[in-house]
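**Q** What would the 3D arrangement of this be:
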Amino acid sequence: MVNTTLPYGDTLDAILSVLPAKLQKPRVGFVCGSGLGGLVDSFREVQIIPYDTLPGFAKSTVPGHKSALAFGLLGAGVGVPVVAMLGRFHSYEGHTFPTVVYPIRIMARLGIKDIIITNAAGSLNPSIAIGTIVIIQDHLALPTLTGMNPLLGPQTSPNHPRFLPLSDAYSTSLRRLAFIASHQLSLDKDALAEGVYAWVSGPTYETAVEGRFLRNAGADVVGMSTVPEVLAAREEGLNVMVMSLVTNFVVIPKEPRRIKEEVEAELAGRPVTLPVAQVVSHEDVLEVGRDKANVMKQLVERIVDLISS
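**A** Residues are numbered from 1 along each chain as shown. From the prediction side, this is the model:
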């Protein structure tokens, strides 16, 4: 069975009706995560199309996310035509999975071959510091293993595989270009790392036990997006690279706080040093995104140059 209810034709007509010819066939697509929408500042001859003017598109409600497609030219010389999602859709906002991944399918139908997906993520790995850009090599997705797979239901095309392999989900050639670009830009060798991304549904941040579980399961960073987009992109035959900007450490104390022992010590008259409570805030996430926005822009622009060459 094929899903014929999605308005692909209407969406494409709406996009192409407002774009100049040179931007109508983008080569590379981007998904801009929390605080990373400044990538569009590097585009030339920019055309912005709000999501609310496009059939089939929803509206992003997350702070730090805009709600528009941006088209333009990126890179040296005449530039490469590109398209970027300024704001993504998440299942925790109440969007269905066909809606969450609809922009990916539209970009594929516009003709992109490569997609670079960015996100803000929490570090589960003590050796991956805040501010590090992690090039994702694999993912751990508990939702897709337990019934929240965006590819469930009727297929969007009879040409898509019913059973999608994911052992090659993350393009080795694109990942290689990321590290070449970092070298060419003379970034510190610790600016980039490789790792495994854990997808959780959100919108809550992880408990300490959940964080420890994900770390022990092999994940290096964790976030609330991206994997649905990766699955749709691979189903559409796109080459995928994911760049996770580490904006915080997941709170995983070495030992849980033992209130019973504190009370017993207090009653016995012994001094008690109370630990400082640690929490993560979305504003912290956005602040790191703003701090690293220029590095991300330079890196992505150099990767596009390498793709085009």
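
**Q** in the stretch 51-200 of the chain, which spans are strands?
**A** All strands of the stretch 51-200 of the chain, identified by DSSP state E, counting those that start in this stretch, fall at 68-74, 80-86, 114-123, 133-141, 192-199.

**Q** Run through who's touching the second one.
**A** The one in question is strand 80-86. For strand 80-86, the surrounding residues in contact (CB atoms under 8 Å, 6 or more residues apart in numbering) are 22-32, 37, 39-40, 43, 48, 65-74, 103, 107, 110, 112, 304, 307-308. Yep, even glycine has a C-beta here, placed from its N, CA and C like the rest.

**Q** Can you get me a residue count around residue 255?
**A** A count of nearby residues for residue 255, using other CB atoms under 10 Å, gives 7.

**Q** swap that for residue 273, sorry
**A** By other CB under 10 Å, 6 other residues sit near residue 273.

**Q** Ok, residue 257 next?
**A** Neighbour tally, residue 257, other CB under 10 Å: 11.

**Q** Confirm it sits in a strand?
**A** No: according to DSSP: H, G, I helix; E, B strand; the rest coil, residue 257 belongs to no strand; its state is coil.

**Q** what sits against it?
**A** Taking CB under 8 Å, 6+ apart as the test, what residue 257 contacts is residue 275.

**Q** Distance check, it against residue 67.
**A** 41 Å (CB to CB, to the nearest Å).

**Q** that older thread, from the contacts of strand 80-86, list the buried ones, please.
**A** 23, 26-32, 37, 39-40, 43, 65-74, 103, 107, 110, 112, 304, 307 (16 or more other CB atoms under 10 Å).

**Q** what are the C-alpha coordinates of stretch 50-66, in CSV please?
**A** Extracted in CSV, the C-alpha atoms of stretch 50-66 (Å, rounded to 0.1, in the frame of the first residue of the first chain):
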residue,chain,number,x,y,z
PRO,A,50,7.6,30.4,5.4
TYR,A,51,6.3,27.0,6.3
ASP,A,52,2.7,28.3,6.6
THR,A,53,2.6,29.1,2.9
LEU,A,54,3.5,25.5,2.0
PRO,A,55,0.8,22.7,1.8
GLY,A,56,1.7,19.8,4.0
PHE,A,57,4.1,21.8,6.3
ALA,A,58,3.5,22.3,10.0
LYS,A,59,4.9,25.1,12.2
SER,A,60,7.9,24.6,14.5
THR,A,61,7.0,25.7,18.1
VAL,A,62,10.4,25.2,19.7
PRO,A,63,12.3,28.3,20.9
GLY,A,64,15.4,28.9,18.7
HIS,A,65,13.7,27.4,15.7
LYS,A,66,12.3,29.5,12.9
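
**Q** what does that stretch rub up against?
**A** For stretch 50-66, the surrounding residues in contact (CB under 8 Å, 6+ apart) are 6-8, 10-11, 14-15, 32, 34-35, 37, 67-69, 86-90, 93, 95, 99, 102-103, 106, 282, 285-286, 289.

**Q** Now, the buried ones among the contacts of strand 80-86 that are in helices?
**A** Judged by DSSP state H, the subset of the buried ones among the contacts of strand 80-86 located in helices is 103, 107, 110, 304, 307.

**Q** Out of those residues, which comes closest to residue 176?
**A** residue 307 (11.3 Å; CB to CB).

**Q** so where's the protein uncertain?
**A** 1-2, 4, 34-36, 63-65, 280-282, 285, 289 (pLDDT under 70).

**Q** gap between stretch 130-146 and the chain center?
**A** 9 Å (CA atoms, centre = their mean, to the nearest Å).

**Q** Am I right that residue 46 sits in a strand?
**A** Yes: counting by three-state DSSP, residue 46 is part of a strand.

**Q** mind checking how far the closest residue to it other than its chain neighbours is from residue 28?
**A** For residue 46, ignoring the flanking residues on the chain, the nearest one in space by CB to CB, 6 or more residues apart in numbering is residue 72 at 4.3 Å. Note on residue 72: its distance to residue 28, by CB to CB, is 11 Å.
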